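>>> here is a sequence together with a model predicted from it:
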Amino acid sequence: MKQEQTNKKWYSGMLNTEDWWAAWLGLFLVALGLLFIWDIDAVGWMVKPKIWEWTDLTSDFAWSKLWKTSSDAYSHWHPLSVLALSYFVFLLMTGTGAFFMKWNLKKFIYAFTIIFFLTFTVWILGHEAHFAAVDATVKGKNYFEIYHLSWGLQLGGGFAFILALITGLIIGNTGTTMAEKLKEAAKPEWFIKAAIVLLGAKLAIMSMKAAGFTYELTAAGAAAAFVAYLLFWPIVYFIGRKYFGLNRNAAAVLSSGISICGVSASIATAGAIRAKPAIPVAVSTLIIIFAMFELIILPPAYVGIAPNEPIVNGAAMGMTVKTDGADAAAGAILAELHHARHLKQTGENWDKDSILSAAILTKIWIDIFIGIWAFVLAIVWLRKVENRSDKKKIPKMELWHRLPKFVLAYLVAWFGLTALFYFAKDIAPAIKEGAHLVQGSFRKFLFMLTFLSIGIITDFRKMRGMGKLTLLYAIALFVIIAPVAYLVAWIFHHGMLPLAE
Amino acid sequence: MKRMEYILGYRHPHWIITGNGIDIRHTELKTAETLLAEEIRKKFPDQKIEVYLRFDMKTIPQWFHQYQNHYFNTILYI
């Protein structure tokens, strides 16, 4: 007999939803990092790519030229052992989640294994010196000079992200059965939400380093997200109704999807106004495809237009690019491009994560706000549109059910570690070391998994037959959302610069 | 007040309400809820009833769940 899946109690879904499992995975890794307090390095084995050069590699091949461990404690391990351990731990973590979520474990393991090694290969390829090395000295090394490069793209870690995206897109759009098989484990939102929890640990480190900057980033992000919300939604709703003849439900779902946080907002809104699920399915297909365009176009465009406003660019990205995965991915590319450019021009090593955090924080506030917005819409639709005030009630628990739980884990990681830094100063260095390792290689690999997975699930052919919605989406995004988001981001963030590394 | 619980699902083009021996299908949710109220009223003519209608997420495509794992729950008063 088929067992339904409903949200009944406050703890519903804790063991069988991706959102909760992103929280568990993120917090588990943060907890592993905390073992440093007892001098236990339980995370330093994670693989970390090195910058390598192909003629140097082929003339004298060694695995150790391609990657290393995250900490010196495991540096005596053979690189292939390190890779194998990283694979098994990632498989164990994600496989446990897949098991509890009752996915087909055999298919998941098969798909995840291919995605893992494909992602890893792309990660390593992306760090070839001609792509990644920047002509500047960092920590006493200039890889451009070390490898005597005559040319180079100088994109830092950004090239690996772009390569992963392209690889995923090729797989996802060639129509092979492989893409379908890989979709079993291509879960960009799951991977990115776990990565964002780890970014909470990074924010704690930033809070310790520069509390004022972190506070300003957070407050400005909240204000910007709030203002943007109140501007975007009514404008897109009005245009959808007035000029595109959409019915109330379709206009509301599309407005939330375009102007708030993409797929999750469109589903939350559709549920709140009790629209047929077919509406958010159609809108979400569009959102995912447009997010890909945003992800490819906006980072280089922002760096080109405003090279000296990296935090403004990051915050604008958070308000413009829909879905958490695409936003974080776009933020990561933006951060790498800004970092490489600034390093090349000034020799100063910016903390890339300051820029990424600007992109993530605005999105986090939006994610928090969506539950409240959906609740308001539910009441408006019930009282004004359906006009059934005498017979129905919206349970207050709806607010909780729609709150993204990974956001809670992000806040726990951020404020929990910050509290430890302040109240347990004697162990603060150990906590920082553990947090640094976890939010470094682990988070970056989760980002890489996200890039590849986004590519795999994005099928441009699905845009066929969605002409009217596509046109409205394009107009709303590029004529309204992007410029207004940029203006709002500039008002609240201009003049802010990333922290120095 | 008596409390009852039903599961709400959707299979194009019908909203489906099931539970307690009832299976109601209709293209309009509002009508499906009215039919449910009538069925319950037949069984319990003299009682005030609070009906918890919970949406079954399994009726939403699985790939959606990574973005948002809740559609809606509603309380009906009969």
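Structure's in. What do you need? Numbering: from 1, shown residues only, chains lettered A, B, ... in the order given.
>>> kindly report the residues of chain B close to chain A.
Residues of chain B found near chain A (C-beta under 8 Å from any C-beta of the partner chain) are B:7, B:9-10, B:12-13, B:15, B:29-30, B:37, B:52, B:54-61, B:63-78. In this view, the C-beta of every residue, glycine as well, is placed from N, C-alpha and C.
>>> drop anything exposed from these.
B:7, B:9-10, B:15, B:29, B:37, B:52, B:54-57, B:59-60, B:63-74, B:76, B:78 (16 or more other C-beta atoms under 10 Å in any protein chain shown).
>>> from those, which land in strands?
B:7, B:9-10, B:15, B:52, B:54-55, B:73-74, B:76 (DSSP state E).
>>> just give me the closest of those residues to residue A:187.
Of all those, residue A:187 sits closest to residue B:55, with 22.2 Å by C-beta to C-beta.
>>> for the closest one, what are its contacts?
For residue B:55, the contacting residues are A:6-7, A:271, B:7-9, B:70-73, by C-beta atoms under 8 Å, 6 or more residues apart in numbering or on different chains.
>>> for residue A:136, same thing?
With contact taken as C-beta under 8 Å, 6+ apart, residue A:136 is in contact with A:142, A:144, A:343-344, A:347, A:349.
>>> picking that back up, please convert the contacts of residue B:55 to TSV, extending it with distance to residue A:130 and pLDDT.
Shown next, in TSV, are the contacts of residue B:55 (distance: C-beta to C-beta, whole Å; pLDDT from 0 to 100):
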residue	distance to residue A:130	pLDDT
A:6	54	84
A:7	51	86
A:271	49	92
B:7	58	95
B:8	57	95
B:9	55	93
B:70	47	91
B:71	49	92
B:72	53	91
B:73	55	92
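>>> which of those sits closest to residue A:75?
residue B:70 (45.8 Å).
>>> surely that closest one and residue A:400 touch.
No - taking contacts as C-beta atoms under 8 Å, residue B:70 lies outside contact range of residue A:400: 9.1 Å.
>>> which of the contacts of residue A:136 fall within helices?
Judged by DSSP state H, the contacts of residue A:136 include A:144, A:343-344 as members of helices.
>>> now list the buried members of those.
Neighbour counting with 16+ other C-beta under 10 Å marks A:144, A:343 as buried within those.
>>> possible to save the ones in helices among the contacts of residue A:136 as JSON lines with pLDDT and distance to chain B?
Below are those laid out as JSON lines (pLDDT from 0 to 100; distance: C-beta to the nearest C-beta, whole Å):
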{"residue": "A:144", "pLDDT": "88", "distance to chain B": "40"}
{"residue": "A:343", "pLDDT": "92", "distance to chain B": "35"}
{"residue": "A:344", "pLDDT": "89", "distance to chain B": "37"}
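>>> if we can go back for a sec, ok, which pair from the contacts of residue A:136 is furthest apart?
Farthest-apart pair in the contacts of residue A:136 is A:144 and A:349; separation 14.6 Å (C-beta to C-beta).
>>> identify the residue nearest residue 25 in space, chain neighbours excluded?
Defaulting to chain A. Among residues not flanking residue A:25 along the chain, residue A:194 sits closest, at 4.3 Å (C-beta to C-beta, 6 or more residues apart in numbering or on different chains).
>>> the intended chain is chain B.
Once flanking residues are discounted, residue B:25 sits nearest to residue B:14: 4.3 Å by C-beta to C-beta, 6+ apart.
>>> please name the bridge partners of the one you found.
Beta-bridge partners recorded for residue B:14 (DSSP bridges): residue B:11.
>>> so what's it scoring on pLDDT?
pLDDT recorded at residue B:14 is 94.
>>> same check, this time on residue A:396
87.
>>> now swap in residue A:177 and tell me
85.
>>> can you get me a residue count around it?
Counted with other C-beta atoms under 10 Å in any protein chain shown, the neighbours of residue A:177 add up to 7.
>>> quick one: it and residue A:244, what's the gap?
To residue A:244, residue A:177 is 37 Å away according to C-beta to C-beta, to the nearest Å.
>>> and residue A:150, by the same measure?
Counting by C-beta to C-beta, the gap from residue A:150 to residue A:244 is 53 Å.
>>> for residue A:291, same thing?
Distance from residue A:291 to residue A:244, by C-beta to C-beta: 21 Å.
>>> which of the two has more residues huddled nearby?
residue A:291 (25 against 16).
>>> so who does the more buried one touch?
A:262, A:321-323, A:325-326, A:454.
>>> take these and keep only those in helices.
A:325-326, A:454.
>>> pipe the ones in helices among the contacts of residue A:136 into TSV and attach distance to residue A:78 per row.
Output for the ones in helices among the contacts of residue A:136, formatted as TSV (distance: C-beta to C-beta, whole Å):
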residue	distance to residue A:78
A:144	29
A:343	32
A:344	35
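>>> so residue A:151 sits against residue A:130, correct?
Yes - using C-beta under 8 Å, residue A:151 is in contact with residue A:130, at 6.7 Å.
>>> okay, the two: which has more neighbours?
Between residue A:151 and residue A:130, residue A:130 has the larger neighbour count (other C-beta under 10 Å), namely 17 against 7.
>>> quick check: the gap between that one and chain B.
The spacing between residue A:130 and chain B, counted by C-beta to the nearest C-beta, to the nearest Å, is 36 Å.
>>> any idea how far residue A:52 is from that residue?
Distance from residue A:130 to residue A:52, by C-beta to C-beta: 10 Å.
>>> was I right about residue A:393 contacting residue B:77?
Yes - using C-beta under 8 Å, residue A:393 is in contact with residue B:77, at 7.2 Å.
>>> let me know the pLDDT of residue A:2.
57.
>>> what sits closest to residue 72 if chain neighbours are left out?
Just so you know, I chose chain A. residue A:44 is the one closest to residue A:72 (C-beta to C-beta, 6+ apart), at 7.6 Å.
>>> actually it's chain B I care about, not the one you picked
residue A:271 (3.9 Å).
>>> gap between residue A:102 and residue A:268?
In terms of C-beta to C-beta, residue A:102 sits 24 Å off from residue A:268.
>>> between the two, who's got more neighbours?
A count of neighbours by other C-beta under 10 Å puts residue A:268 above the other of residue A:102 and residue A:268, at 32 against 11.
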